[in-house]
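pasting a predicted model and its sequence here:
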Amino acid sequence: MRADRLLTALLVLQAKGKVTAAELAAELEVSVKTARRDLEALAASGVPVYSRPGRNGGWELVGGARTDLSGLTEAEAKALFFLVGPAAELSPAAKTALRKLVQALPAPFRDAARTSSTSVVIDSAAWGGRASAHEPRHLDALRHAIVARRRVELEYGDRGGRASTRVVSPLGVVKKGATWYLLADTDAGQRTFRVGRVRGVTVTDEPVVVHDDFDLAAEWDRVAENVNELRRTMRGHLRVGRAELTPLRYQFGDDLEVGAERADGHFDVTIAGTGATMLAQQLAGWGTAVEVVGPESLRRELVRIGRELVSRDHAR
């Protein structure tokens, strides 16, 4: 007899107060005989449920007893459903789990939880862009291996398309923007893999040893900061007015640092990028609205772009 079916039967009793074996059978999608056996098993296990015979009879919890399976406060329930609701739209199993969790909540919390779960939509596409409709093919297999704490044989294609096979200890998966990453221990130390480049996953019987103090979020912060520092091979120094600060923040995000306001009302701003050419291309559209103080290599690149544009315009 499946424990999750018994749990569902208990949650249905909590939600409805009283059910017949036929009603429970329809809810569980089993036979009436199986539903009756489940109810009898609940009673035998010590759950205060009893059968009331007669025309208006059925099965109900003694004294309307309630079992708070979640242990959540109302504020915690709302916060949880705000987060879980949008993600559950991507998975039928998650939708089923969400319904069960709603039933497990104390009755006064249920309406707020249902509203919370449907009050947030996550649209991962940037304006003018398109979000991926599907998760990477091998994401579920990696998730299962992480939960089971089993090493996996990973078939992987690098940026150049070259394939390799290695055995790794998966530690966690992270979604950055629209891209999923796997953090794993390898014979050469911890590495980060793009899940979209994984070509095959074979779960082994070898256990993964995870240290008690391992924190996936903290580890990802470290990885992300290292990647950002590798990207930031050049820093440009600008002087801008207050009106330009917001659009510059939108354009450069964490790659922008704003200094204190100057006496003339302008701000010294630092931007970071992968080189003078890239930064110059990003700044070229600003024209005279942004003063580039340095370095000289960035100023030269802007001059080169300007001359090319003028030369092309004159050639027409």
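Sure thing, it's come through. Everything numeric in this text was worked out from a predicted model, so none of it was measured.

could you point out which element follows the lengthiest strand in the chain?
Ranked by residue count under DSSP state E, the longest strand found in the chain is strand 163-176. Downstream of strand 163-176, the first helix or strand assigned by DSSP states H and E is strand 179-186.

from the chain's centre, how far out does that following strand sit?
14 Å (CA atoms, centre = their mean, to the nearest Å).

who does that strand pair up with?
strand 163-176 (antiparallel), strand 189-194 (antiparallel) (DSSP bridges).

mind putting those in CSV, mean neighbour count, mean pLDDT and distance to residue 40 included?
Quick note: C-beta positions are derived from backbone N, CA and C, even for glycine. Putting the strands paired with strand 179-186 into CSV (neighbours: other CB atoms under 10 Å; pLDDT from 0 to 100; distance: least, CB to CB, whole Å) gives the following:
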stretch, mean neighbour count, mean pLDDT, distance to residue 40
strand 163-176, 16, 91, 42
strand 189-194, 15, 92, 50
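
save these as CSV, and put in distance to residue 222 too.
Output for the strands paired with strand 179-186, formatted as CSV (distance: least, CB to CB, whole Å):
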stretch, distance to residue 222
strand 163-176, 12
strand 189-194, 10
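
residue 183: which of these is closest?
Among the strands paired with strand 179-186, the nearest to residue 183 by CB to CB is strand 163-176 (4.7 Å).

what helix or strand is the nearest residue to residue 110 once chain neighbours are set aside on?
Once flanking residues are discounted, residue 110 sits nearest to residue 102: 5.6 Å by CB to CB, 6 or more residues apart in numbering. Assigned by DSSP H and E, residue 102 belongs to helix 92-104.

same thing with residue 143?
helix 139-148.

number of residues surrounding residue 144?
Residue 144 sits with 14 neighbouring residues when counted by other CB atoms under 10 Å.

OK, contacts around it?
Residue 144 sits next to residue 203 when contact means CB atoms under 8 Å, 6 or more residues apart in numbering.

ok, now how distant is it from residue 250?
Distance of residue 144 to residue 250, computed by CB to CB, to the nearest Å: 39 Å.
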